[in-house]
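# Kindly generate the corresponding structure for this input.
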Amino acid sequence: MSLEKNKKIDSSIYEILLKEDATYSAESSRCALKFLLVAHDFHLRLEALFREFDLSSQRFNLLLALKLSPQGLAPSEIAKLEKVSRATATQYIDPLVKRDLVYRMNSKKDRRFLFVRLTRKGHQILNKLLPLHNDFLEHFTSALSVSERRVLVELLAKVEADR
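Numbers count the residues shown, from 1 in each chain. Here you go, the predicted model:
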């Protein structure tokens, strides 16, 4: 199903909900539903970009974290960054090892400790993907001015802090 068709279905479901159920006419409900629609559309489009590189958002985030940590990261650090269990972090790492995007390396100080690092191929993938990712973010938010983007970030931080 295309992104546009999927967006129209989601939009029409929520529009019906807003029209049919008076309890959903409050501004808080409208705001939350609009946020949900935009976030869903953002997620679908971003995942489509990552699929072009045979990645998911979690694996992209892991590659990016490793790029920013040239010394490597322990699986426990990866789990903490991704807010997942260590077993789930391993599920992110294993396919990247098989594709030669990352490698595992034992610590020189203590062989019981393991670190994950980017390979040359991992760096090459990121070097191709990061400009496309940046273009995507710019395009997705292009309807907003720079100051409006800052305000939106502040507002979303405020919502997040209140959870």
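
# So which residue is dead centre in the protein?
Note on the chain: the residue nearest the mean C-alpha position is Ser57, at 4.4 Å, using Cα atoms, centre = their mean.

# Could you list which residues are in contact with that one?
His43, Leu46, Glu47, Phe50 (Cβ atoms under 8 Å, 6 or more residues apart in numbering). Glycine gets a C-beta too; all of them are placed from N, C-alpha and C.

# which two in these are spaced the farthest apart?
Greatest spacing in the contacts of Ser57, by Cβ to Cβ: His43 and Phe50 (10.5 Å).

# The two: who's more crowded?
Legend: neighbour count by other Cβ atoms under 10 Å for His43 and Phe50, higher for Phe50 (18 against 11).

# So which bits of the lengthiest helix in the chain are buried?
The longest helix of the chain (DSSP state H) is helix 27-51. By neighbour count on 16 or more other Cβ atoms under 10 Å, the buried set for helix 27-51 is Leu33, Leu37, Asp41, Leu46, Leu49, Phe50.

# List the buried residues for the helix or strand just after that helix?
Once the chain leaves helix 27-51, the next helix or strand it forms, by DSSP states H and E, is helix 57-67. Using 16+ other Cβ under 10 Å as the test for burial, helix 57-67 gives Arg59, Phe60, Asn61, Leu62, Leu63, Leu64, Ala65, Leu66.

# roughly how far apart are the first one and Arg149?
Put plainly, it is Arg59. Applying Cβ to Cβ, to the nearest Å, the value for Arg59 to Arg149 is 27 Å.

# and if you look at the last one?
Relative to Arg149, Leu66 is positioned 28 Å away (criterion: Cβ to Cβ).

# Check the third one too.
Summarising the geometry, the distance separating Asn61 from Arg149, computed by Cβ to Cβ, is 21 Å.

# now Thr141
From Thr141 across to Arg149, the span is 6 Å (Cβ to Cβ).

# ok, for Lys128, nearest residue in space, not its chain neighbours?
Distance criterion Cβ to Cβ, 6 or more residues apart in numbering; nearest residue to Lys128, sequence neighbours excluded, is Phe53 at 7.4 Å.
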